[in-house]
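In: model this:
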Amino acid sequence: MNQASEIKNLLVLARRDPIEAMRVAAGLTIHDHQVQILFLCEADLGTEEAKEYLELLEFSEIVPKTILPSMGNQIECLDGLDASRLMEEADQTISL
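Out: Sure, this is the predicted structure:
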């Protein structure tokens with residue numbers, strides 16, 4: 001396998017546009033990359049659009065995570081240390 005086609009561990013940070021971040025995260029799985037998404041901003045995951053993208057993430061086997069306790073009742077909430085590990089282990093980080 002050449003270097004260009006290696007499977008990478010990618011992390012999408014949802015900082016400003018959580019809907020776009022979910023769309024991008026799901027799309028990155030097309031090349032069999034391991035993709036994770038970490039919400040760093042508040043997101044209303046109850047809207048129809050958000051629900052559709054959450055379904056797409058589930059289909060893509062991406063488990064959304066956050067560092068915001070206020071979103072902890074909707075998705076997995078990480079403490080600062082776990083979030084730092086997630087970032088450190090990523091081969092590439094995409095911030096949206």
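
In: Val35 sits in which helix or strand?
Out: strand 34-39 (DSSP states H and E).

In: Could you figure out how far the helix or strand following that strand is turned away from strand 34-39?
Out: Next helix or strand after strand 34-39 toward the C-terminus (DSSP H and E): helix 48-59. Going by axes from the mean of the first three to the mean of the last three C-alpha atoms, to 10 degrees, helix 48-59 is angled at 150 degrees with respect to strand 34-39.

In: buried stuff in helix 48-59?
Out: Neighbour-count burial for helix 48-59 flags 50, 53-54, 56-57 (criterion: 16 or more other C-beta atoms under 10 Å). (C-beta placed from N, C-alpha, C; glycine too.)

In: can you give me the helices in the protein?
Out: Ranges of helices in the chain, per DSSP state H, are 18-28, 48-59, 80-89.

In: Redo those as JSON lines? Include distance to Gln34 and mean pLDDT.
Out: Formatted as JSON lines, those follow (distance: least, C-beta to C-beta, whole Å; pLDDT from 0 to 100):
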{"stretch": "helix 18-28", "distance to Gln34": "9", "mean pLDDT": "95"}
{"stretch": "helix 48-59", "distance to Gln34": "13", "mean pLDDT": "95"}
{"stretch": "helix 80-89", "distance to Gln34": "10", "mean pLDDT": "96"}
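
In: what's near enough to touch the residue nearest the centre of the chain?
Out: Closest to where the C-alpha atoms of the chain average out (C-alpha atoms, centre = their mean) is Ile37, at 1.0 Å. The contact partners of Ile37, by C-beta atoms under 8 Å, 6 or more residues apart in numbering, come to 11-14, 21-22, 25, 57, 62, 64-65.
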